[in-house]
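**Student:** Pasting the sequence and the predicted model now:
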Amino acid sequence: MLNGKRILLIVGGGIAAFKALELIRLIRKAGGAVTPVLTQAGQEFVTPLSASALAAEKVYTDLFDLTDEAEMGHIELSRSADLVVVAPATADLIAKMANGHANDLASTLLMATDTPVLMAPAMNVRMWLHPANQRNVATLEADGIACVGPDEGDMACGEFGPGRLAEPEAILDAIIARLGEGPLTGKHVLVTSGPTHEPIDPVRYIANRSSGAQGSAIASALVRLGARVTFVTGPADAPHPQGANIVPVQTADEMLSAVNAALPADAAIFAAAVADWRVESATDSKIKKTKTGKPPALKLSENPDILATVARKRKDRPKLVIGFAAETDDVIANATAKRARKKCDWIVANDVSPETGIMGGTENAVTVIDKDGAESWPRASKTDVARRLASRIADALAK
Ligand code: CTP
């Protein structure tokens, strides 16, 4: 995937620095090479020896190390990579980058480089939200520096909120999206994901339990294989896939417009749990309780079927159109009928009965149905299901 691409990995000093070691391992496993640079604070959390052992490369730490200058000057080092990755990017490193400091090796490399930079911030939630840090991040984004994360969650300091380093897998996805090549390089793939929200009035809506996890995982897996991915998503809980072009929508109508605008595509995967109905006359003002206590009657009308609209014979029909079938009974029979009705090439069927724990869960058990029959895959993580599906898609598009 990374085929010899070189990453200059700058490791800042934060508790998340230990994850940089896992990132080095993942980059190498994906075929890339890593030159680690540890800041002075970074060395308090990760030793040069462990970074060097995992990278199988020399580690750089000191701007004034004359041996290094004799071997490779800092200017050359800064330009020797295809991508500079800063992980973890601490508040201090971000401030230095935003203000053009060059008083140690890491900041000097970042000032001298002419290669693209990707940063993965990690810090305490209050530090992340501090106006000074937010100003610095905005400056860097305006300068064209890409950012992955931070994630939201429990932090080492005992607080909760945004500031956790993105998972190494997600940082790898972001790297691959910038540098990677694979069997889907040059292909455009459209993915719909998440639930849709159909308004009742300005404060209430009809929704469903889809977390968007399977759709996000599929988009990530496609990015890893080199595809250009347009990810049209309803309001989902799952983190957005790194490296995809994200198009957020609320309603089925908006999703259809976004899908039409994203075409043409080589393949389209409809993983969204689109609400079948919308409230016919959603009001602009909040519906009030009446004195009689009689609840309002909601008249529903059917939403457009986005999958069926794209799958029917039309000029810009993608070569491969894949639907999902969320079923609770007679899964294979219902899904097979759905494939015929919606005229898609494959249907990925899954049992969403509550006892399976699939809807909103981390695992999935699917049966892929195409014109030749049904193929049941063993229950696996949504990430593994996504990777297997992405590789089947790559094979089909190669034919
Ligand atoms: N789908 C869509 N637009 C809709 C409804 C569904 O694009 N308005 C897509 C889904 O993304 C999925 C497939 O159609 O790929 C099947 O969705 P599912 O909810 O299983 O089927 P429904 O069409 O809603 O049929 P039913 O409710 O009868 O099971």
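**Tutor:** Thanks, I have it.
**Student:** Share the number of residues neighbouring the residue nearest to Lys96 when sequence neighbours are not counted, please.
**Tutor:** Closest residue to Lys96 apart from its sequence neighbours, by Cβ to Cβ, 6 or more residues apart in numbering: Ser107 at 4.4 Å. Bear in mind the C-beta positions are built from the backbone N, C-alpha and C, glycine included. Other residues within reach of Ser107 by the criterion other Cβ atoms under 10 Å amount to 21.
**Student:** Mind listing residues that contact the host helix or strand of Ser107?
**Tutor:** Take DSSP states H and E as the rule and Ser107 turns out to sit in helix 105-112. Contacts to helix 105-112, defined as Cβ atoms under 8 Å, 6 or more residues apart in numbering, come from residues 8, 10, 12, 37, 39, 42, 60-63, 74-75, 77-79, 84, 86, 93, 96-97, 100-102, 117.
**Student:** make it 6 Å
**Tutor:** With Cβ atoms under 6 Å, 6 or more residues apart in numbering as the test, helix 105-112 has contacts from Ile10, Val37, Thr39, Leu63, His74, Ile75, Ser78, Lys96, Met97, His101, Ala102.
**Student:** So for that helix, what gets flagged as buried?
**Tutor:** Neighbour-count burial for helix 105-112, counted by 16 or more other Cβ atoms under 10 Å, picks out Leu105, Ala106, Ser107, Thr108, Leu109, Leu110.
**Student:** pLDDT at the last one, what is it?
**Tutor:** What that stands for is Leu110. Taken from the predicted model, the pLDDT recorded for Leu110 is 95.
**Student:** and what of Arg314?
**Tutor:** Looking at Arg314, its pLDDT stands at 85.
**Student:** That one and Leu263, how far apart?
**Tutor:** In this structure, Arg314 and Leu263 are separated by 9 Å, where distance is defined by Cβ to Cβ, to the nearest Å.
**Student:** Those two: who's more crowded?
**Tutor:** The neighbour count for Arg314 versus Leu263, taken as other Cβ under 10 Å, is higher for Leu263 (16 against 10).
**Student:** For the ligand, what's the nearest residue on the stretch 101-250 of the chain?
**Tutor:** Of all residues in the stretch 101-250 of the chain, Thr192 sits closest to the ligand, at 5.9 Å by Cβ to the nearest ligand atom.
**Student:** separation between the residue nearest to Lys96 and Ala396?
**Tutor:** Distance of Ser107 to Ala396, computed by Cβ to Cβ: 47 Å.
**Student:** how far is stretch 369-383 from where the chain is centred?
**Tutor:** Using Cα atoms, centre = their mean, to the nearest Å, the mean C-alpha position of stretch 369-383 is found 23 Å from that of the whole chain.
**Student:** Rounded mean pLDDT for it, please.
**Tutor:** Stretch 369-383 shows an average pLDDT of 95 in the prediction.
**Student:** next one: stretch 63-73
**Tutor:** Here stretch 63-73 scores 69 as its mean pLDDT.
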